[in-house]
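S.K.: sequence isn't available, so here's the structure alone:
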């Protein structure tokens with residue numbers, strides 16, 4: 001329980017840190033996508049990967065309301081699934097190396113596991129003053 005008590009903000013969450021890192025990797029990779037993909041694939045993959053991070057941050061701020069917290073984390077998980085679809089397209093269209101695709105798949109599998117764990121026990125993330133210990 002000590003790990004949860006030390007959280008000062010959403011940036012302290014390992015899932016936030018991982019999702020942010022992955023979003024930045026996607027952003028860097030998308031710079032090399034063809035110009036004709038700018039308003040479709042490039043925008044979509046960047047938007048959905050960033051949405052994961054923002055939903056985690058919003059959820060953290062609403063963690064005193066377990067249902068809202070879980071709802072935001074579920075949104076993040078859904079955006080993670082959407083992002084994986086976009087980088088499947090990027091890989092299949094040969095805009096993204098297979099190694100990067102595999103790394104991103106693994107990263108989003110880990111992200112999903114972490115989100116699932118958090119959703120299964122939202123009470124562990126409640127502000128200290130609201131927790132029954």
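M.R.: The structure has been received and is ready for your questions. Given the structure is predicted, the values throughout are model-derived calculations rather than measurements.
S.K.: list the helices and strands the helix ranked longest in the chain packs on?
M.R.: For the chain, the longest helix by residue count, based on DSSP state H, is helix 66-92. Where contact means 3 or more CB pairs under 8 Å, 6 or more residues apart in numbering; DSSP states H and E, helix 66-92 is packed against helix 14-30, helix 43-61, helix 98-120. For every residue, glycine as well, the C-beta is placed using N, CA and C.
S.K.: gap between that helix and the chain center?
M.R.: Helix 66-92 sits 7 Å away from the centroid of its parent chain (CA atoms, centre = their mean, to the nearest Å).
S.K.: mean confidence for it?
M.R.: Mean per-residue pLDDT for helix 66-92: 96.
S.K.: between that helix and helix 43-61, how big is the angle?
M.R.: Relative orientation of helix 66-92 and helix 43-61, computed by axes from the mean of the first three to the mean of the last three CA atoms, to 10 degrees: 160 degrees.
S.K.: can you list the buried residues in helix 66-92?
M.R.: For helix 66-92, burial by neighbour count (16 or more other CB atoms under 10 Å) applies to 66, 69-73, 75-77, 79-80, 82-84, 86-87, 89-91.
S.K.: just stretch 23-33 next, same as before
M.R.: For stretch 23-33, the neighbour count (16+ other CB under 10 Å) marks 23, 25-26, 29-30, 33 as buried.
S.K.: average model confidence for it?
M.R.: For stretch 23-33, the per-residue pLDDT averages 95.
S.K.: can you list the residues that contact that stretch?
M.R.: 41-42, 45-46, 49-50, 52-53, 83, 87, 90, 95-96, 100, 103-104, 107 (CB atoms under 8 Å, 6 or more residues apart in numbering).
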